[in-house]
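K.L.:
Got a sequence here, can you model it:
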Amino acid sequence: MSLIHPTAIIEPGARLGENVSVGAYSLIGPHVEIGDNSWIGPHGVITGHTRIGRDNRIYQFCSIGEVPQDKKYNDEPTRLEIGDRNTIREFCTFNCGTAQDVGVTRVGDDNWIMAYVHIAHDCQVGNQTIFANNATLGGHVHIGDWAILGGFVGVHQFCRIGAHSFCGVGSVLTQDLPPFVTCSGNPCATHGVNSEGLKRRGYSPEAITAIKRAYKTLYRSQLSLAEARERLEAAAAETPELSPLVEFLAVPGRGIVR
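P.N.:
You can find the predicted model right below:
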């Protein structure tokens with residue numbers, strides 16, 4: 001049975017699963033779907049064509065599914081999709097997608113998203129990420145699994161942040177950050193491999209050593225990017241754990257932090 005506070009407004013058409021809790025003065029729009037066992041705190045607004053999975057906790061004063069902050073938006077029925085078991089803390093803002101991209105903003109599963117985080121239109125966020133307070137994504141940003149963004153990190157639109165990467169507090173990224181790499185600063189600079197995170201996630205010492213060698217190939221060898229990619233492709237044939245890095249570099253983007 002759902003637990004709806006008497007002051008909350010659930011508009012006709014909204015679909016709530018089993019054991020959904022909605023706090024005082026919250027508003028759930030007519031095109032919203034919320035999965036089983038999710039908890040919505042007080043004074044939250046969930047609107048737009050928004051689908052939220054099960055076992056999520058969305059704290060007070062969040063705005064989820066509002067229209068994009070994009071002047072080209074013309075009231076198209078774009079969407080926001082949020083997976084399962086996410087924690088979304090106070091004052092976060094997640095926007096729907098735009099017709100200029102795939103039309104949907106996505107947030108995966110098991111993400112830990114702290115207060116005042118902004119996820120703009122058409123962003124694609126993976127699983128098991130951590131966004132510290134005030135991290136901000138511009139439109140069309142892609143974030144890989146297990147990435148960590150420190151407090152006040154700003155990511156330029158269309159950037160990609162690779163899996164298992166780590167962005168230090170206050171970093172400003174205007175280019176793509178490859179998987180496994182740590183960075184900080186404005187302008188952003190790289191500082192090696194997120195080896196501690198990789199240990200926690202079960203990477204073997206041999207795999208971590210290979211990733212460190214790959215980092216040196218990419219950042220310390222003075223090779224061109226094309227030459228470094230060729231060497232990494234050869235190394236990935238022997239060490240499959242390098243495949244995410246090779247695949248990331250194969251996709252043209254805004255250029256990598258280098």
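K.L.:
Could I get the contacting residues of residue 101?
P.N.:
121, 122, 139, 140 (CB atoms under 8 Å, 6 or more residues apart in numbering). For every residue, glycine as well, the C-beta is placed using N, CA and C.
K.L.:
And for the residue nearest to the first one when sequence neighbours are not counted, the neighbour number?
P.N.:
If I follow you right, that is residue 121. Spatially, and ignoring its direct neighbours in sequence, residue 121 is nearest to residue 68 (3.5 Å; CB to CB, 6 or more residues apart in numbering). By the criterion of other CB atoms under 10 Å, residue 68 has 23 neighbours.
K.L.:
quick one: the helices in the chain?
P.N.:
195-200, 205-219, 225-238, 243-250 (DSSP state H).
K.L.:
do you know how far the nearest residue to residue 170 once chain neighbours are set aside is from residue 9?
P.N.:
If the residues on either side of it in the chain are set aside, residue 170 comes closest to residue 152, at 4.9 Å by CB to CB, 6+ apart. As judged by CB to CB, to the nearest Å, residue 152 and residue 9 stand 34 Å apart.
K.L.:
repeat for residue 31
P.N.:
From residue 31 to residue 9 the distance is 14 Å (CB to CB).
K.L.:
ok, now residue 109?
P.N.:
28 Å.
K.L.:
contacting residues for the nearest residue to residue 189 once chain neighbours are set aside?
P.N.:
Counting by CB to CB, 6+ apart, residue 189 lies nearest to residue 183, which is 6.4 Å off, once chain neighbours are set aside. Shown in contact with residue 183 (CB under 8 Å, 6+ apart): 165, 166, 167, 168, 171, 173, 177, 189, 190, 191, 257.
K.L.:
Quick check: the fourth one touching residue 150?
P.N.:
Okay, so that is residue 168. Yes - using CB atoms under 8 Å, residue 168 makes contact with residue 150 at a distance of 5.1 Å.
K.L.:
Identify the contacts common to these two.
P.N.:
residue 184.
K.L.:
one step back: between residue 109 and residue 9, which has more neighbouring residues?
P.N.:
With neighbours defined as other CB under 10 Å, residue 109 and residue 9 compare such that residue 109 has more, 18 against 14.
K.L.:
mind checking pLDDT for that one?
P.N.:
Note on residue 109: pLDDT of 99.
K.L.:
swap in residue 1?
P.N.:
62.
K.L.:
about what we covered before: quick one, which of the helices of the chain is nearest to residue 160?
P.N.:
helix 243-250 (7.2 Å; CB to CB).
K.L.:
residue ranges with poor pLDDT in the chain?
P.N.:
Applying pLDDT under 70 to the chain flags residues 1.
K.L.:
now stretch 243-251, how far from the chain's geometric center?
P.N.:
18 Å (CA atoms, centre = their mean, to the nearest Å).
K.L.:
List the buried residues for it?
P.N.:
By neighbour count on 16 or more other CB atoms under 10 Å, the buried set for stretch 243-251 is 244, 245, 246, 248, 249.
K.L.:
residues making contact with that stretch?
P.N.:
144, 160, 162-163, 176, 178-180, 211, 214, 218, 225, 228-229, 232-233, 236, 256.
K.L.:
So residue 78 sits against residue 100, correct?
P.N.:
No - counting by CB under 8 Å, residue 78 stays clear of residue 100, with 9.7 Å between them.
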